[in-house]
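[1] need coordinates for the following:
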Amino acid sequence: MEIDNLTPAELRVWRAFSRGEFVDFRAAEDEDAAAGADWGPERTLRASMLRALLVSAPQEDGEIAALRVTGARITGALDLTHAVVDHPVRLGQCHFTDPPDLYGIQLRRLSLRGSVLPALDLGSARIDGVVQLADCRVGGRVQLTGAQISGALILDRAELTTRDTSEPVLKLNQAVIQEDLRAPELRAHGEVRLNGATVNGSVQLNGARLSNPGRVAFDAQTLTVEGDVLLRNTDVRGWIGLRGARITGRLDLSYASLSNPGNATLRATSCTIGELWLRKGPPPDGFLNLRRAQIDVLFLEPEMLPDRLLLNSLVYTSLTPHEPAERRLPMLERDGDGYVPHVYEQLTGAYRRMGDDDAARLVQLAKQRRRRSTLRWYGRLWGLVQDATVGYGFRPLRACGWLLSLLAVGSLAYALHHPRPLKPSEAPDFDPVFYTLDLLLPVISFGQEGAFAPEGWYQTLSYALVIAGWILATTVFAGVTRTVSRQ
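    Take a look at the predicted model:
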């Protein structure tokens, strides 16, 4: 491009470029770039001029060239596909009439802070520094698939919308970000997709509003994050997908509002997470799917439980905050997969690692009662007997209570009416207490039962005591065996 063909505004930028000087076309610092369609030729730059400037403009010795423009209207498509640009690019608070095509570009730094764009393509780009998109408003897809960014990707307060609901508004598939992905207070009206992306820092979406009702709002399958994924105080309309993701640090959903009525709000199946925080917020409007997930610390407040969860094969090391078992059991009872023994074992293990053996036993008791509902009628009947007598082995003192009660009833009855001795000359002195014990204890014999023969309803009572003794002995043995085998 010949310098004689430049407009006064373009000539000003051309001359400032070689010295890295800042060119500001704004009439006021608080100007809104959305009004850029009405800006006149005095602040209009052709995209073809900017392309020529970045690709082939002369440089001055001893100066560091850079494109630093604010408040310009840029007409035409800025096509820098596969270009190699050795200079930082800053086009802040600019109004683009056409989407810039920066696919495969290689450059040092890119800042479009506060600009308004129809769309943006940075697919397979190589950025040796920060990509600054804070406060941008984009009316179409932001494409960064396969991009490699050695610095951070910054989307603070950006607003992303698209008319094509079949495509994501932000696409970062297979992208590699060496530092943080920062997008606090992001407004995304459509899907945000990070499938297969790698972030060596943290993903920060605190205060974001992600809206894609009835569909995936934040899709991050097989995402790898070496730091934290922060979604504190976010408002998500749609569902979050983290299948197969690996998050070394914390997935923080504190104060978050998750809504996907009738469907999952969080799908974190087969993922690995250092810490998952669900706290200080309303219960999700939809269910949680944590099947096959592996979590070191599960920070889950009982108040955050939705009406349904899917926890089959979920593995966690610790569960915080420490709550009584009665407050944790509803989590297991709301499992949409029905009776899943594994979830009870996980909660039992968490309590045992905290040293709360009483809570662990209560969880195991709840497990047996839940299992009983899945059995046939005779299995349920036998389960009721075990529950009533010894609490499936977790209430051994209950058997002593039954034994003492039956002993008192039998002793009193036989004290009031001594049974007839079979051989009066050989029979020992009758003792109602030891006679009752002889009936109740199937193994131990005190020589009373075989020496006396009750009659009438006392004989019926003796049969009842014998049967009760056998039932107590069997259930105690079954409960003790179950307890020993678990340990």
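[2] and the helices in the stretch 251-400 of the chain?
    325-333, 341-353, 357-372, 377-390, 396-416 (DSSP state H, counting those that start in this stretch).
[3] quick one: closest of these to Ile471.
    helix 377-390 (6.3 Å; CB to CB). Every C-beta, even on glycine, is put in place using the N, C-alpha and C of the backbone.
[4] between that closest one and helix 357-372, how many degrees?
    Angle of helix 377-390 versus helix 357-372, following axes from the mean of the first three to the mean of the last three CA atoms, to 10 degrees, is 160 degrees.
[5] now the angle from helix 377-390 to helix 396-416?
    Here helix 377-390 points in a direction 80 degrees away from that of helix 396-416 (the same axes, to 10 degrees).
[6] and helix 377-390, how far out from the chain middle?
    38 Å (CA atoms, centre = their mean, to the nearest Å).
[7] so where's the stretch 51-200 of the chain shaky on pLDDT?
    For the stretch 51-200 of the chain, the stretches with pLDDT under 70 are 61-62.
[8] now do the contacts for Leu6.
    Counting by CB atoms under 8 Å, 6 or more residues apart in numbering, Leu6 makes contact with Trp14, Met49.
[9] quick check: it vs Trp14, distance?
    Relative to Trp14, Leu6 is positioned 6 Å away (CB to CB, to the nearest Å).
[10] what touches both of the two?
    Joint contacts of Leu6 and Trp14 (CB under 8 Å, 6+ apart) are Met49.
[11] mean pLDDT lowest for which of the helices of the stretch 251-400 of the chain?
    Confidence, taken as mean pLDDT, is least for helix 377-390 of these (a mean of 72).
[12] tell me what it is packed against?
    helix 357-372, helix 396-416, helix 457-486 (3 or more CB pairs under 8 Å, 6 or more residues apart in numbering; DSSP states H and E).
[13] okay, those in TSV with distance to Pro213 and mean neighbour count next?
    As requested, the helices and strands packed on helix 377-390 are exported to TSV (distance: least, CB to CB, whole Å; neighbours: other CB atoms under 10 Å):
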stretch	distance to Pro213	mean neighbour count
helix 357-372	35	19
helix 396-416	52	15
helix 457-486	46	15
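[14] correct me, but Val89 touches Ile105?
    No - between Val89 and Ile105 there is no contact under CB atoms under 8 Å: 9.3 Å.
[15] ok, Arg141 - contacts?
    Per CB under 8 Å, 6+ apart, neighbours of Arg141: Ala119, Leu120, Asp121, Thr162, Asp164, Glu167, Pro168, Val169, Leu170, Lys171.
[16] can I assume the second one is in contact with Asp98?
    No - with the criterion set as CB under 8 Å, Leu120 and Asp98 do not qualify as a contacting pair; they are 10.9 Å apart.
[17] more crowded one of those two?
    Neighbour tally, Leu120 and Asp98, criterion other CB atoms under 10 Å: the higher count belongs to Leu120, 25 against 15.
[18] for the more buried one, which residues count as its bridge partners?
    Val142 (DSSP bridges).
[19] ok, it to Ser111 distance?
    For Leu120 relative to Ser111 (CB to CB), the value is 13 Å.
[20] over to Met331?
    Relative to Ser111, and taking CB to CB, Met331 is found at 46 Å.
[21] now do Asn5
    27 Å.
[22] and those two? which has more neighbours close in?
    Remark: of Asn5 and Ser111, Ser111 carries more neighbours, 21 against 10, as counted by other CB under 10 Å.
[23] give the contact list for the more buried one.
    Counted by CB under 8 Å, 6+ apart, Ser111 has contacts Pro88, Val89, Arg90, Leu91, Gly92, Val130, Val131, Gln132.
[24] look up how far Asp252 lies from the fifth one.
    Read that as Gly92. 31 Å.
[25] same question, the fourth one
    As for Leu91, its distance to Asp252 is 34 Å (criterion: CB to CB).
[26] check Arg361 too.
    33 Å.
[27] my guess is Arg73 meets Leu45, correct?
    Yes - with contact defined as CB under 8 Å, Arg73 reaches Leu45; the gap is 7.1 Å.
[28] more crowded one of these two?
    Leu45 (27 against 23).
[29] gap between the two ends of stretch 219-226?
    18 Å (CA to CA, to the nearest Å).
[30] ok, stretch 182-199 next?
    Termini of stretch 182-199 sit 11 Å apart (CA to CA).
[31] again with stretch 77-97
    This stretch, stretch 77-97, spans 8 Å end to end (CA to CA).
[32] would you mark the buried spots in that stretch?
    77-80, 85, 87-97 (16 or more other CB atoms under 10 Å).
[33] how about stretch 334-344?
    For stretch 334-344, by 16+ other CB under 10 Å, it's Arg334, Asp335, Val340, Val343, Tyr344.
[34] contacts only, for the fourth one.
    Looking back up the chat, that one is Val343. Leu311, Asn312, Leu314, Leu332, Asp335.
[35] looking at those, which is nearest Thr145?
    Looking across the contacts of Val343 and measuring by CB to CB, the closest to Thr145 is Leu314, at 31.6 Å.
[36] that closest one: neighbour count?
    Leu314 has 23 neighbours, counted by other CB under 10 Å.
[37] what distance do you get for the residue lying closest to it once chain neighbours are set aside to Thr265?
    Closest residue to Leu314 apart from its sequence neighbours, by CB to CB, 6 or more residues apart in numbering: Leu290 at 4.7 Å. Using CB to CB, Leu290 is found at 12 Å from Thr265.
[38] with Pro324 instead?
    27 Å.
[39] then Leu319?
    20 Å.
[40] could you do Val229 as well?
    For Val229, the distance to Thr265 - CB to CB - is 15 Å.
[41] Gln368 now?
    Applying CB to CB to Gln368 and Thr265 gives a distance of 32 Å.
[42] tally of neighbours for the residue nearest to Asp356 when sequence neighbours are not counted?
    Spatially, and ignoring its direct neighbours in sequence, Asp356 is nearest to His322 (7.4 Å; CB to CB, 6+ apart). By other CB under 10 Å, the residues close to His322 number 12.
[43] phi, psi for His322 please.
    Per-residue torsions, His322: phi -70, psi 120 (degrees, to the nearest 10).
[44] and for Glu42?
    According to degrees, to the nearest 10, Glu42 has phi -70, psi -10.
[45] same question for Pro419.
    Backbone geometry at Pro419, expressed as degrees, to the nearest 10, gives phi -70, psi 160.
[46] touching, it and Leu461? I think so.
    No - contact criterion CB under 8 Å: Pro419 and Leu461 do not qualify, at 10.2 Å.
[47] who touches both of those two?
    With CB under 8 Å, 6+ apart as the test, Pro419 and Leu461 both reach Pro454.
[48] what about the helices and strands packed on helix 377-390, which gets the closest to Gln294?
    helix 357-372 (20.4 Å).
[49] could you pull up the residues touching Ala360?
    Going by CB under 8 Å, 6+ apart, Ala360 touches Ala325, Thr348, Gly349, Tyr351, Arg352.
[50] mind running it again at 6 Å?
    Thr348, Tyr351, Arg352 (CB atoms under 6 Å, 6 or more residues apart in numbering).
[51] cool, and Leu347?
    Going by CB under 6 Å, 6+ apart, Leu347 touches Val363.
[52] what do you get if the cut-off is 10 Å, keeping everything else the same?
    311, 316, 319, 325, 328-329, 331-332, 359-360, 362-364, 366-367 (CB atoms under 10 Å, 6 or more residues apart in numbering).
[53] want to throw the helices of the stretch 251-400 of the chain into CSV with distance to Leu205?
    Shown next, in CSV, are those (distance: least, CB to CB, whole Å):
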stretch, distance to Leu205
helix 325-333, 26
helix 341-353, 29
helix 357-372, 35
helix 377-390, 48
helix 396-416, 52
